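> predicted model and sequence follow; I will ask about them next.
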Amino acid sequence: MAWQGFNERKFIRLDADVDAYITAKELDSKLKVETKNIGQGGICAISDKKTGLFEKVSIQIDLETGVESIFCDAAVVWEIKTFEYGKEKYDIGLEFIDLKDKDTVLIEKFIEETLAKQSEEI
């Protein structure tokens, strides 16, 4: 099912910049993307290259140093061309397709721990 908007999200999203890489048939190689947020259902990222709306991509997410990487497939559910400092970029919404249960737990734990740290800083 394609992403229907902010009010349709099933899972909380955490604003987070984590290391992520995508691979798609439209791309020449593995592409590092800048993440804007992450949740159990997917991520929002900024890419230097167009991936293609509704394309299936492979994704690698490194939540923290020393923690196992997450590998799964995702669908590009939205893609918006933007410009940053005169350079063309793409905001992309990626919905996880086959996220394993253990990876769902890693994301949940990352979100909970990050939110707890943020509330301690206030």
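Yep, it's here. Numbers count the residues shown, from 1 in each chain.
> how about stretch 70-77: buried residues?
Within stretch 70-77, the residues that count as buried by 16 or more other Cβ atoms under 10 Å are 70, 72, 74-77. Any C-beta I mention is one placed from the backbone N, CA and C, and that applies to glycine too.
> check stretch 91-98 too.
92-96.
> in the residues you listed, find the pair that's most separated.
92 and 96 (13.3 Å; Cβ to Cβ).
> all helices for this structure, in order.
101-121 (DSSP state H).
> quick one: low-confidence ranges for it?
1-11, 26-28, 65, 122 (pLDDT under 70).
> could you pull out the strands in it for me?
14-15, 19-23, 31-38, 42-47, 56-62, 70-84, 87-96 (DSSP state E).
> list the strands paired with the shortest one, with their directions.
What that stands for is strand 14-15. If you go by DSSP bridges, strand 14-15 pairs up with strand 31-38 (antiparallel).
> same check on the fourth one?
Based on DSSP bridges, the pairing partners of strand 42-47 within the sheet are strand 31-38 (antiparallel), strand 87-96 (antiparallel).
> minimum distance to residue 81: which of the ones you listed has it?
Between these, strand 87-96 lies closest to residue 81; by Cβ to Cβ that is 5.8 Å.
> touching that closest one from outside, list them.
2-3, 22, 33, 36, 40-51, 57, 59, 72-83 (Cβ atoms under 8 Å, 6 or more residues apart in numbering).
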